[in-house]
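Q: Build the 3D model from these lines:
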Amino acid sequence: MKKVEYIKPIYTYEIDFGQHVSNIAYVQWMEVGRLKLLEEVGLPVHKIKLKGFVPALIRTEIRYKKPLFLGDEVRVVLWISELKNASATMRFEFYNQLNDIVAEGEQVGLFIKVDSQRPHKLSASDRARFEPYVAKG
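A: Here you go, the predicted structure:
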């Protein structure tokens, strides 16, 4: 199974009043991961919309284990745990520079038709693009 992975430093604007990374930053990092996934499967947002459908989130869940601070780095890892006809469940893991897991997350995305905003069933060829990123078993 393939995974999307990227590393980034923690910036000042990601720190909250408690002096650690804000929960909002994790949601943004998840979005970056999803965009990278779409790019890797050959359906970047500017191209997928031309096909008449777009991804939309219907659920986000994050479980925090350890805080991240200014000066840390975060490694974001993403894969698909379930791929259905019109939706996908994505799993995320967040690691610090010591390779400690600091958070885990899950998002459910729905493919929707641009014109009707109704669910869009993936074609066999589009579904095949995502298959290498789906966890087996």
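
Q: Can I get the helix or strand of the chain with the lowest mean pLDDT in CSV? Just the C-alpha atoms.
A: Here the helix or strand of the chain ranked lowest by mean pLDDT, DSSP states H and E is helix 45-48, holding a mean of 92. Below are the C-alpha coordinates for helix 45-48, written out as CSV (Å, rounded to 0.1, in the frame of the first residue of the first chain):
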residue,chain,number,x,y,z
VAL,A,45,-8.2,19.9,-7.9
HIS,A,46,-8.0,22.0,-11.0
LYS,A,47,-8.3,18.8,-13.1
ILE,A,48,-10.8,16.9,-11.1
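
Q: strands paired with whichever helix or strand comes after it, and their directions?
A: Moving toward the C-terminus from helix 45-48, the next helix or strand (DSSP states H and E) is strand 53-64. Here strand 53-64 has these sheet partners by DSSP bridges: strand 101-113 (antiparallel).

Q: got the CA positions of the strand it pairs with in PDB?
A: C-alpha atoms of strand 101-113 as PDB (Å, rounded to 0.1, in the frame of the first residue of the first chain):
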ATOM      1  CA  ILE A 101       3.200   9.700  17.100                       C
ATOM      2  CA  VAL A 102       1.600  12.900  18.300                       C
ATOM      3  CA  ALA A 103      -1.900  12.600  16.900                       C
ATOM      4  CA  GLU A 104      -4.100  10.300  14.700                       C
ATOM      5  CA  GLY A 105      -7.000  11.400  12.600                       C
ATOM      6  CA  GLU A 106      -9.600  10.200  10.200                       C
ATOM      7  CA  GLN A 107     -11.600  12.000   7.600                       C
ATOM      8  CA  VAL A 108     -14.500  10.900   5.400                       C
ATOM      9  CA  GLY A 109     -14.700  12.500   2.000                       C
ATOM     10  CA  LEU A 110     -17.600  12.300  -0.500                       C
ATOM     11  CA  PHE A 111     -17.200  12.900  -4.200                       C
ATOM     12  CA  ILE A 112     -20.000  15.200  -5.400                       C
ATOM     13  CA  LYS A 113     -21.100  16.400  -8.800                       C
END
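
Q: Alright, that wraps it up for me.
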